[in-house]
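*Asks:* Pasting the sequence and the predicted coordinates here, then a few questions.
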Amino acid sequence: MAIQRWDPQRDMIELQGRMNRLFDDALSRSIGSEPAESVGSSAWRPPVDLIEEPARYVLRADLPGVGASDIEIQVEDGKLFLRGERRQDPGVSRESYLRVERPQGRFALQITLPPSVRHTAIRATHRNGVVEVLMPKRKDEPPSRIEVSSH
């Protein structure tokens, strides 16, 4: 990696890119997802995919460099909360960094779950920097007839 002189114009271009990504994220946010700020103080929000399959929903979050012990998943009031922290490499002092692009610190994400999700059957795995949350759907119940009693 070559050492580059500080260039205020480059910093402004990077800032503009960040602002563009922020607005793109806000405008393209899928139905049911909410900004990380709505679930507490966080420095960043991981990129996620939410997929609907016939029998389940699958959420995949890219979290390279975040250990399973630093990830918390919780379901409450029909919402799934994904929280955690990407820690700074303890072997590298803050002053040693020449460039920092990967987000560090706390992250948070909140997704409103469809009513068909079986909350007690949700499972999560962490493999190769990707957290996968499997959310099985309830089986469709056939229509039932309700008898009306008279008093």
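*Replies:* All right, it came through fine.

*Asks:* Show me the strands in the chain, by range?
*Replies:* Here the chain has its strands, by DSSP state E, at 33-34, 48-52, 56-62, 71-76, 79-86, 105-112, 123-127, 130-136.

*Asks:* Point out where this protein drops to low pLDDT.
*Replies:* Counting by pLDDT under 70, the chain shows low-confidence ranges at 1-4, 23-42.

*Asks:* show me what contacts Leu134?
*Replies:* 56-58, 122-125 (C-beta atoms under 8 Å, 6 or more residues apart in numbering). Using the backbone N, CA and C atoms, a C-beta is placed for each residue, glycine as well.

*Asks:* For it, list each beta-bridge partner.
*Replies:* Val58, Arg123 (DSSP bridges).

*Asks:* Can you give me the distance of Glu132 to Val117?
*Replies:* 15 Å (C-beta to C-beta, to the nearest Å).

*Asks:* any chance of the strands of the chain in TSV, plus distance to Leu15?
*Replies:* Shown next, in TSV, are the strands of the chain (distance: least, C-beta to C-beta, whole Å):
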stretch	distance to Leu15
strand 33-34	25
strand 48-52	25
strand 56-62	23
strand 71-76	30
strand 79-86	22
strand 105-112	19
strand 123-127	33
strand 130-136	29
